[in-house]
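Asker: Build me a model from this:
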Amino acid sequence: MPESIEVRLAEVADAPELARLNQAFNGVVEPPEELAARLVDPRRVDYPLLALAGGRAVGFACLRLAPCVFYPEPYAELTELYVEPGWRRRGVGKALVSQVESLARQAGAAEIVLLTGPGNLVGQAFYRAMGYRLADLEMVKDLNG
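Answerer: From the prediction side, this is the model:
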């Protein structure tokens, strides 16, 4: 890999880059100020991480950590993972997921959950290579319709 990859927790100043990457990944268009406001919300349970190559943001991931009433350890979920196409297969995704796992482990989580689409075969292969396995069936209900 020609450039080293730095992965760190995102900061409020990173909101414009996070917004840019999120638009590329999820198609969400929003002012960076709105994302920045959520970054400083004391109620949030999400911890976004940013991957930088040569100081430029090239990917992000998000760890959701939530305390549990019925279990002693927190619930940990990898909720987002995106790497710009030109940086894929260069270790960025692996670095992001490894950092998410490290933070979850430090917080006392016993496992980490992730959701991906049934047609995302490339993503599924990546996660399997990182040691993930199929576990549960997800069911969803739309509350807005």
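Asker: C-alpha only now, for contacts and for neighbours.
Answerer: Noted.
Asker: Can you tell me how far the nearest residue in space to G54 that is not next to it in sequence is from P118?
Answerer: In this structure, G54 finds its nearest non-sequential neighbour in E3, 6.3 Å apart by CA to CA, 6 or more residues apart in numbering. Distance of E3 to P118, given as CA to CA, to the nearest Å: 33 Å.
Asker: can you pull the pLDDT of D14?
Answerer: We have a pLDDT of 97 for D14.
Asker: actually M139, not the one I wrote
Answerer: Looking at M139, its pLDDT reads 88.
Asker: Next, it: secondary structure please.
Answerer: Following DSSP: H, G, I helix; E, B strand; the rest coil, we place M139 in the coil state.
Asker: so how far is the helix or strand hosting A125 from its chain's centroid?
Answerer: Using DSSP states H and E, A125 maps to helix 121-129. Here helix 121-129 is found 15 Å from its chain centre; the criterion is CA atoms, centre = their mean, to the nearest Å.
Asker: residues making contact with it?
Answerer: Around helix 121-129, the neighbours that count as contacts under CA atoms under 8 Å, 6 or more residues apart in numbering are 116, 133.
Asker: For the longest strand along the chain, name the packing helices and strands.
Answerer: Of all the segments of type strand in the chain, defined by DSSP state E, the longest one is strand 56-66. Helices and strands touching strand 56-66, as assessed by 3 or more CA pairs under 8 Å, 6 or more residues apart in numbering; DSSP states H and E, comprise helix 15-26, strand 46-53, strand 75-83, helix 92-106.
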